[in-house]
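**Student:** how would this look folded up:
(2 chains)
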There are 2 protein chains.
Amino acid sequence: MEDFKRTERLTALTQILVDNPYTLFPLRGFTERFQVAKSTLSEDVSIIKSVFKRLNLGRVETVTGVAGGIRYIPYIKEDEEKEMLTQIASELSRGERILPGGFIYMTDLIFSADIAWRVGKIFASKFIDKRPDYIITIETKGIPIAMMTARAFNVPLVTIRRNTRVTEGSVVTINYVSGSSGKIQTMSLSRRALPEGSKVVFIDDFMKAGGTAKGVLELMKEFKVEVAGVGVLVETAHPGDKLIDDYLSLLLLEKVDERNKKVVIRPSHQA
Amino acid sequence: MEDFKRTERLTALTQILVDNPYTLFPLRGFTERFQVAKSTLSEDVSIIKSVFKRLNLGRVETVTGVAGGIRYIPYIKEDEEKEMLTQIASELSRGERILPGGFIYMTDLIFSADIAWRVGKIFASKFIDKRPDYIITIETKGIPIAMMTARAFNVPLVTIRRNTRVTEGSVVTINYVSGSSGKIQTMSLSRRALPEGSKVVFIDDFMKAGGTAKGVLELMKEFKVEVAGVGVLVETAHPGDKLIDDYLSLLLLEKVDERNKKVVIRPSHQA
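**Tutor:** Residues are numbered from 1 along each chain as shown, chains lettered A, B, ... in the order given. Down below sits the predicted model:
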C-alpha cells in the first residue's frame, strides 16, 4: 500500500463518511488502509470534526469501545432548517399549484431527490434522540422523504401498502377510517417486515385529520412495535383537532383560496 | 471570513461535493467562501480528483466556461459493480425468500437505503452517457432505486401511478396488458409531470414479460418524451422473449425451485 499525505487522507475519509451516513467505521480499517498510526488518524478525525462544526456540515461522532469507530451524522441546525422550509413553503404557495377541490400539487417537489434529501436530513435531526431501528411510511408519496430519512439514520425503510401483493408473502391487514373523508380504507404490511420489539419513526408527506397516522399506530400495535415518533412534511391547519396527539409537522398549510389562487403555507414552528 | 488551511478546505469541499451529487458548483463560490485565489482552489480540486480516482471514490469533473464549475459524479466501476451485485444476488438466493407461487421476497432489500443507493449509483454509471432530464418509475417498489438513481444524476424523479389521485391534477391514463398475467391494467401520470421533449430513463425493480415497461414506453409517447434507457434490477430468465427489446438488467433470476427451496440468481452480465 502506498503512502497517503494528510490532505489525501482527509479527502478520502470525508468522501467515505459522507457517502455512508450514520455508518460506523472502525478506526482500524482506516489505519490499515492508509498505513498510519492511530494517533495520526485521530488527528485527521479532529480536523474533520472541527471543519464540519465550523461550517455546519453535519457532525462526526466517535463511538468508543470495542465495537466503536467514527460515523457521519447529517445534522441540520435550526437556522438552516428554517431557511430550507421557508424556501419549500414559498415554492408550494405558488397559485398555479392549486388543484380542483382545494388540493395542492406537491408531487414534483417531494419527488425531487435534492429536496427529499434535505427533508430527510431535517427529520433525522428532529428525531435524532429517538434512535429508530426502522423508518416506516405508507405508499406512495411519503416514500421519497421517508427513504431519505432512513438514509440519514442508516436504517431500513418499511413501506405499508394500501393493497396486498403476492410478492409480500403473508401480511397483516387492518381497516381504518380516513379522518377527512370518513371512508373505510385498508392498509397492510408483510409479516416479515418488522421484528417484534423494534422501535420505529413514521414519516409521511401530508396529514389532514390524521386518520392514516392513527391507522398506522394501530397496525404497529399488531406488530408489537414501538412508534417513537411521527413526522409529516405538511399538516393542514383545519381540522385543528387531529386524530392523533403526538406528531411533528414541518410545514403548516393554513389556507387554500381557490377563487383568488392564493395559498398560505409556512414553517410550522415559526414564531 | 476567517482563514482556512488546505486540509480544512479539502475536507469542506469534499463534504459539499459528495453531499450534493452531480450538482455543479461554480468555483467563484468557493474562492469567495474560503478567501483563496483561483489557482489555489484549482490545486485543491486536483488533489480531490486524484484521490477519488486512486481510491475509486467516484469522479470529480470540471466544467469549463461561464456557466462552469465542479461537480461530483458517484461513478461505480465494473469490478466494484460486480462485487455489489454478487452480494445482492447471494442475499436474494436464500431459500426462505421463496413465497407461494414462486415469487421472491425482495422488499426488505430494495427498501434498504444503503442498497438502494448502491443500485442507484450503478444505474447512474451505466446510463451516464444518456444524461437524462428525469428518471421515471412506476409505483411502488421501483421508487427507492429510481429515487437514488435520480439523486446520483441530480434530476427529478417522476412516478407513474397505478390509480388516479385528486392530488395529481389532470392526468393522462393508458390501459396496458400485463405480459405475464394477460390482465388489463391502468397507469396514469399527471399532465404537468413531464415537459414535452424531455429525455428520461425508466428504472424499475422487476421485469418478467416486460408488459409494464412496454406500457411506460406507450405512455411516454403521449407525453412526447424520449426514453433514452430502461433499467431493471431483476429480470426473469423466462420468458426469454420480452415485450421490449432495449433494456438493461442488473440481475438475472434463472430459477425458483419451490419444492427444494432453491433460487438461482446472478449478475446479468457475468461471463
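**Student:** alpha carbons only for contacts and neighbour counts from here, please
**Tutor:** Fine.
**Student:** check whether whichever strand or helix holds A:Lys53 contacts chain B.
**Tutor:** Using DSSP states H and E, A:Lys53 sits in helix A:38-54. Yes: applying Cα under 8 Å from any Cα of the partner chain, one finds helix A:38-54 touching chain B at A:Ile47, A:Ile48, A:Val51, A:Phe52.
**Student:** which one (most neighbours) among these?
**Tutor:** A:Ile48 (25 neighbours; other Cα atoms under 10 Å in any protein chain shown).
**Student:** what is the burial count for the nearest residue to it once chain neighbours are set aside?
**Tutor:** For A:Ile48, ignoring the flanking residues on the chain, the nearest one in space by Cα to Cα, 6 or more residues apart in numbering or on different chains is B:Thr11 at 6.3 Å. Look at B:Thr11: counted by other Cα under 10 Å, it has 27 neighbours.
**Student:** ditto for A:Lys255
**Tutor:** Residues near A:Lys255, counting by other Cα under 10 Å, number 15.
**Student:** pull the contacting residues for the closest residue to it other than its chain neighbours.
**Tutor:** Spatially, and ignoring its direct neighbours in sequence, A:Lys255 is nearest to A:Val264 (5.0 Å; Cα to Cα, 6+ apart). Shown in contact with A:Val264 (Cα atoms under 8 Å, 6 or more residues apart in numbering or on different chains): A:Ser93, A:Leu253, A:Glu254, A:Lys255, A:Val256.
**Student:** which residues belonging to the helix or strand hosting A:Glu61 are considered buried?
**Tutor:** Element membership for A:Glu61, per DSSP H and E: strand A:59-63. By neighbour count on 16 or more other Cα atoms under 10 Å in any protein chain shown, the buried set for strand A:59-63 is A:Arg59, A:Val60, A:Thr62.
**Student:** A:Tyr72 is in contact with the last one, correct?
**Tutor:** No: distance between A:Thr62 and A:Tyr72: 9.2 Å, which falls outside the contact criterion (Cα atoms under 8 Å).
**Student:** would you map the strands across chain A?
**Tutor:** Ranges of strands within chain A are A:59-63, A:69-73, A:98-99, A:103-104, A:134-138, A:157-160, A:171-177, A:184-190, A:199-207, A:226-236, A:248-257, A:262-267, based on DSSP state E.
**Student:** wait, which of those is closest to B:Asp204?
**Tutor:** strand A:157-160 (16.6 Å; Cα to Cα).
**Student:** so what touches that closest one?
**Tutor:** So strand A:157-160 is in contact with A:134-139, A:143, A:146-147, A:150, A:187-189, A:193-194, B:108, B:111-113, going by Cα under 8 Å, 6+ apart.
**Student:** now the residue in the stretch 151-271 of chain A positioned nearest to chain B, nearest residue through space, not along the chain?
**Tutor:** Of the stretch 151-271 of chain A, the residue with the smallest distance to chain B, taken as Cα to the nearest Cα, is A:Pro156 at 4.6 Å. Leaving aside its sequence neighbours, A:Pro156 sits nearest to B:Ser112 (Cα to Cα, 6+ apart; 4.6 Å).
**Student:** report the contact partners of the one you found.
**Tutor:** Per Cα under 8 Å, 6+ apart, neighbours of B:Ser112: A:Val155, A:Pro156, A:Leu157.
**Student:** what would those look like in JSON lines with pLDDT and neighbour count?
**Tutor:** Shown next, in JSON lines, are the contacts of B:Ser112 (pLDDT from 0 to 100; neighbours: other Cα atoms under 10 Å in any protein chain shown):
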{"residue": "A:Val155", "pLDDT": "97", "neighbour count": "22"}
{"residue": "A:Pro156", "pLDDT": "96", "neighbour count": "25"}
{"residue": "A:Leu157", "pLDDT": "97", "neighbour count": "31"}
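**Student:** pLDDT score for A:Ile48?
**Tutor:** According to the prediction, A:Ile48 has pLDDT 98.
**Student:** please apply the same query to A:Met106.
**Tutor:** For A:Met106, the predicted pLDDT is 95.
**Student:** re earlier: and the strand holding A:Glu61, average pLDDT?
**Tutor:** Average pLDDT, strand A:59-63: 96.
**Student:** try stretch A:20-32
**Tutor:** Rounded mean pLDDT across stretch A:20-32 is 96.
**Student:** can you dump the C-alpha coordinates of that stretch into PDB?
**Tutor:** Taking C-alpha atoms only, stretch A:20-32 is exported to PDB below (Å, rounded to 0.1, in the frame of the first residue of the first chain):
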ATOM      1  CA  ASN A  20     -22.300   6.500   4.000                       C
ATOM      2  CA  PRO A  21     -24.400   8.500   6.600                       C
ATOM      3  CA  TYR A  22     -24.600   7.100  10.100                       C
ATOM      4  CA  THR A  23     -22.500   4.100   9.200                       C
ATOM      5  CA  LEU A  24     -20.000   3.200  11.900                       C
ATOM      6  CA  PHE A  25     -16.400   2.700  10.500                       C
ATOM      7  CA  PRO A  26     -13.900   1.100  12.900                       C
ATOM      8  CA  LEU A  27     -10.700   3.200  13.100                       C
ATOM      9  CA  ARG A  28      -8.700   0.100  12.500                       C
ATOM     10  CA  GLY A  29     -10.000  -0.200   8.900                       C
ATOM     11  CA  PHE A  30      -8.600   3.300   8.200                       C
ATOM     12  CA  THR A  31      -5.200   2.900   9.900                       C
ATOM     13  CA  GLU A  32      -4.700  -0.300   7.900                       C
END
